[in-house]
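>>> below are the sequence and a predicted model for it; my questions follow.
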Amino acid sequence: MSEFSNDFQADLLRLMRRRRDVRRFRTDPVDETLLRECLATFSLAPSVGLSEPWRIVRVQSEAARAAALANFEAANAAALDGYEGEKSCLYSSLKLSGMREAPVHLAVFCDETTPKGAGLGAQTMPEARRYSVAGAIAHVWLAARARGLGLGWVSILDPERLAQDLDIPQDWRLVAYLCLGWPETESDTPELELAGWERRLQDVPVETR
């Protein structure tokens, strides 16, 4: 029998439904204690070989934020060129980052050469280190949402340019650029679905071999 009650399981499912990719933030600051509580959940995440390869950089200075925003804007303009017709018009109307408003910016990297874990599980699949970082981010995302915070993952970036601008060690690879703060609105429905860009699958396809 599960040690977690039916009420807890229902709350957990509701939390997962409310975990949205937030792009519209209020500019109110996030309490440092609250932020540390969210980031502490990195230490609860599984990682290949117990390597814990995540490396978190807080992007806080005016210069660093300006460089990251310029990076996004250039990458976003290039991405728009890849669409035509109605899709191009729809893309140009989307708000695809909350970088201007979000009070907290975090660049999360994977240390590709960490000695921790002695390479266990990563010799045949070195990309498992990056998967571990992505899984850890999911922990932080749920922890933030449970505290009323929103988080947005900005993937429209040039990772090499960002690493140069932030003076990142050569062996670190960008996994995520995260914006964190208080969301303007609450919703169970992804913003891209509301905008008509794509619809979420209702059933998870599972194949049998």
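Happy to help now that I have it.

>>> quick check, central residue of the chain?
In the chain, the residue lying closest to the centroid (Cα atoms, centre = their mean) is W153, at 3.5 Å.

>>> in what helix or strand does that residue lie?
Assessed by DSSP states H and E, W153 sits inside strand 150-154.

>>> against S5, how distant is L12?
For L12, the distance to S5 equals 10 Å [Cβ to Cβ, to the nearest Å]. Quick note: C-beta positions are derived from backbone N, CA and C, even for glycine.

>>> who's more crowded, those two?
L12 (13 against 9; other Cβ atoms under 10 Å).

>>> and for that one, nearest residue in space, chain neighbours not counted?
F4 (7.9 Å; Cβ to Cβ, 6 or more residues apart in numbering).

>>> tell me the pLDDT of the one you found.
Note on F4: pLDDT of 94.

>>> P190 versus that one, what's the distance?
27 Å.

>>> among the two, which residue is more densely surrounded?
Between F4 and P190, counted using other Cβ under 10 Å, the more crowded position is P190 (14 against 10).

>>> the more buried one and R20 touch, don't they?
Yes: between P190 and R20 there is a contact under Cβ atoms under 8 Å: 6.3 Å.

>>> show residues contacting the lowest-mean-pLDDT helix or strand in the chain.
Within the chain, confidence by mean pLDDT, DSSP states H and E is lowest for helix 191-194 among all helices and strands, at a mean of 92. Identification of contacts with helix 191-194 by Cβ atoms under 8 Å, 6 or more residues apart in numbering yields R20, D21, R23, R24, L94, K95, S187, E198, R199, R200.

>>> in that helix, which residues are buried?
E191, L192 (16 or more other Cβ atoms under 10 Å).
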